[in-house]
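K.L.:
Structure for this input, please:
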Amino acid sequence: MIEESKKAPSFTLIDDNGKRVSLKDYAGKKIVLYFYPKDMTSGCTKEACDFRDSFPNFKKINAVILGVSPDSAVSHKKFKQKYNLPFTLLSDESKKVLQNYGVWKEKSMYGKKYMGVERTTVIIDEKGVVRKIFEKVKVPGHVEEVIEALEEK
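P.N.:
Predicted coordinates:
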């Protein structure tokens, strides 16, 4: 389980182009690591498009956006192309990183229990330290909260 003010767990995942990407590749930059359940679904599409629409604001404050879900790199590539997303999507099919970050949880829908990603955003500073964790994210207004939190630091 991650905690604010502690080092973020390192990872290496495959991106939407099939390349290996590690957390350490972004040393010296602020990182917005957002975990989402599934490509091409309504809430996840809205969240991705909100990040896309605010992308220039993140660039201005030297922040990188990384989206993570258990979908495949191929699925991510299609999602990224369809919605013209200007940031990297990472595939965690093994769910190891999702578990390390504490976002792979038991969920419930229509009374049925299942395991899935709890929508969560983690802000990591230039030194690799977790600065803020947004749990159980509600999509409307979330991107603005993230930008505000980045600007405070």
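K.L.:
Name every strand pairing with the helix or strand bottoming out on mean pLDDT in the chain and say which way it goes.
P.N.:
Least confident element among the helices and strands of the chain, by mean pLDDT, DSSP states H and E: strand 104-109 (a mean of 88). According to DSSP bridges, strand 104-109 has the following sheet partners: strand 112-117 (antiparallel).
K.L.:
Show me where the protein has its strands.
P.N.:
Assigned by DSSP state E, the chain shows strands spanning 12-15, 20-22, 30-35, 63-69, 88-91, 104-109, 112-117, 120-124, 130-134.
K.L.:
residue nearest the centroid of this structure?
P.N.:
Y34 (1.7 Å; CA atoms, centre = their mean).
K.L.:
Per-residue pLDDT of the residue of the chain most remote from its centre, please?
P.N.:
Most distant from the centre of the chain: G111, at 27.2 Å, with distances by CA atoms, centre = their mean. At G111, the model reports a pLDDT of 89.
K.L.:
what about it, distance to P140?
P.N.:
G111 is 26 Å from P140, where distance means CB to CB, to the nearest Å. The C-beta positions use only the backbone N, C-alpha and C, and glycine is treated the same way.
K.L.:
so what's A27 up against?
P.N.:
A27 is in contact with 126-128, counting by CB atoms under 8 Å, 6 or more residues apart in numbering.
K.L.:
where does this structure have low pLDDT?
P.N.:
Where the chain drops to pLDDT under 70, the residues are 153.
K.L.:
let's go with 80 and repeat that
P.N.:
Residue ranges of the chain with pLDDT under 80: 1, 152-153.
K.L.:
Dump the C-alpha coordinates for stretch 99-119 into CSV.
P.N.:
Below are the C-alpha coordinates for stretch 99-119, written out as CSV (Å, rounded to 0.1, in the frame of the first residue of the first chain):
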residue,chain,number,x,y,z
GLN,A,99,-1.7,-4.3,-6.4
ASN,A,100,1.5,-2.6,-5.4
TYR,A,101,-0.3,0.8,-5.5
GLY,A,102,-3.4,-0.6,-3.7
VAL,A,103,-5.9,0.1,-6.4
TRP,A,104,-6.8,-3.6,-7.3
LYS,A,105,-9.8,-4.0,-5.0
GLU,A,106,-13.0,-5.9,-4.5
LYS,A,107,-15.8,-4.0,-6.1
SER,A,108,-19.6,-4.6,-6.3
MET,A,109,-22.0,-4.0,-9.1
TYR,A,110,-25.7,-5.0,-9.0
GLY,A,111,-24.9,-7.0,-5.9
LYS,A,112,-22.2,-9.1,-7.6
LYS,A,113,-18.7,-8.9,-6.2
TYR,A,114,-15.6,-8.9,-8.4
MET,A,115,-12.0,-7.6,-8.5
GLY,A,116,-11.3,-4.4,-10.4
VAL,A,117,-9.4,-1.1,-10.5
GLU,A,118,-10.6,1.5,-8.1
ARG,A,119,-10.2,4.8,-10.0
